[in-house]
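Asker: sharing a model prediction with you, sequence too.
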Amino acid sequence: MSAVIQFPQSAIVPQGLIVDLDINAYHQGPGVSKSGLSEIARSPAHYYAKYLAPNRPAPKERAGQLEGSLAHCAVLEPDQFNKRYVVTPDDAPRRPSSAQREAKKPSAETLISIEYWDKFARENGNKRVITADQYETAMRQADSMRALPDIRALLDKGRPEVSAFWNDPVTGELCRCRPDWENQTTETGVIILDVKTYSDASPEEFARQIGRKGYHIQSSFYSDGYEIASEKTVHGFVFVAVETAYPYAACASMLDPTGITIGRDQYRDLLDVYARCRRTNLWPGYSDGIEVVSLPGYLTRGYE
C-alpha cells in the first residue's frame, strides 16, 4: 500500500486522481467540493464563513456523522474497521467528563474511571471509541448492502475514497470530489458508488431525500468531474441507501436522465456564482435590503 499523501492548503495540486490522500488533507485542500457548492447555494457569505474566513471556528461533528462513517467503513473498508474504532468493553465505567477530570477533589469513583479510561486510551492509541450498539448497527448495515447482488459484485472489485481534482472547463476553477467507491467496469469506464444512511431507504422516499439534500447535484458533479480527472467514462453513479434502524434494509438507486440534467444545470449555476465571487472577492449574504415576505399558502388561503 502506498504511503499516505498529505499536502498543505497552499500547495499546487496535480490534476487527476490521488489514491492515498489523507482524508483531513483532502478536506483542507484547495478547490471547491460539492459540500462547498451547497454552502454557495445557501449564500456565498456562508461559503466564505465556512471555508475562507481567517478566524473561522473548527468544524464540529454533525449529528449522525459518526454513524454514517461507521457504515461507510464497514461496507467499503472492512479491513480498516478495527484499526480505526474500538468498542467500549461491557464492564467499562462511565467515561469521566471534562469537569470531573478538572475537579479539585474528584470522588473515588471518578478517580477509578479516569484511571481506567487513561489506560484504555494508551492501549488503543487514536482509535475512536464506539458503543456495542453502534458496532452492531454498522455490521448489520454492511451485511444489508452486500446482500444486494449488484452492489456485492461492484464491491468485490474496486477501490474506496479516491480523490479527484480537475479544472472546470467552463470557469477554470479547481474542483474536487472523493467518491466512496470506484469500480472499473472496463479499461475505459467506471461505476461510482455512494453510500447514504437514512431512516427510509425505499426508492420513493429516498428519491425525495435526493431532492432535499441535493444529492442529484452530487451525482452530476462527481460524474462529470471524475471523467475529467480519470480520463475514463463514468457509466453510472449509484446511491446505496441503508436504513439507520432495524432491520437495516438497503436499496440501490440511480437517477433518471432528467434528474441527471437537473443536477448538472444546478451545479453549473453554483459554479458560476462561485467563480464570480472568487473573481470579485465579494461574498454576499441573503440580501442587503429589507425583504417583503409572504406567509405560507396554508395560512393565506381564503384571504386573497
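Answerer: That came through, no problem.
Asker: what are the ranges of the strands in the stretch 101-250 of the chain?
Answerer: 128-130, 159-160, 163-167, 174-177, 181-186, 189-198, 233-243, 250-253 (DSSP state E, counting those that start in this stretch).
Asker: pLDDT averaged over the longest one - what is it?
Answerer: In this model, strand 233-243 has a mean pLDDT of 97.
Asker: which one of the strands of the stretch 101-250 of the chain has the lowest average pLDDT?
Answerer: strand 128-130 (a mean of 88).
Asker: hmm, who's touching that one?
Answerer: Residues from elsewhere that reach strand 128-130, judged by Cβ atoms under 8 Å, 6 or more residues apart in numbering: L66, L70, R84, Y85, V86, V87, T88, R95, F120. From N, CA and C alone the C-beta is placed, and that goes for glycine too.
Asker: so which strand or helix has the first one?
Answerer: In this structure, L66 sits in helix 65-76 according to DSSP states H and E.
Asker: ok, and what's touching that helix?
Answerer: 80-81, 84-85, 128, 130, 134-135, 137-139, 141-142, 145-146, 155, 160-161, 180-181, 195-197, 240, 242, 244.
Asker: where's the following helix or strand past it relative to the chain centroid, distance-wise?
Answerer: Remark: after helix 65-76, the chain's next helix or strand is helix 81-84, criterion DSSP H and E. Centroid separation for helix 81-84 versus its chain: 19 Å, with Cα atoms, centre = their mean, to the nearest Å.
Asker: now helix 81-84: mean pLDDT?
Answerer: Helix 81-84 comes out at a mean pLDDT of 93.
Asker: next one: stretch 19-34
Answerer: In the prediction, stretch 19-34 has an average pLDDT of 91.
Asker: alpha carbons of it, as PDB, please.
Answerer: C-alpha atoms of stretch 19-34 as PDB (Å, rounded to 0.1, in the frame of the first residue of the first chain):
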ATOM      1  CA  VAL A  19      -5.300   7.300  -4.300                       C
ATOM      2  CA  ASP A  20      -3.900   7.600  -0.800                       C
ATOM      3  CA  LEU A  21      -4.700  11.200   0.100                       C
ATOM      4  CA  ASP A  22      -5.300  11.600   3.800                       C
ATOM      5  CA  ILE A  23      -9.000  12.500   4.400                       C
ATOM      6  CA  ASN A  24      -8.200  15.600   6.500                       C
ATOM      7  CA  ALA A  25      -5.700  16.800   3.900                       C
ATOM      8  CA  TYR A  26      -8.500  16.300   1.300                       C
ATOM      9  CA  HIS A  27     -11.000  18.400   3.200                       C
ATOM     10  CA  GLN A  28      -8.400  21.100   4.000                       C
ATOM     11  CA  GLY A  29      -7.100  21.200   0.400                       C
ATOM     12  CA  PRO A  30      -7.800  23.700  -2.400                       C
ATOM     13  CA  GLY A  31     -10.600  23.500  -4.800                       C
ATOM     14  CA  VAL A  32     -14.400  23.600  -4.400                       C
ATOM     15  CA  SER A  33     -16.300  20.400  -3.500                       C
ATOM     16  CA  LYS A  34     -20.000  19.600  -3.600                       C
END
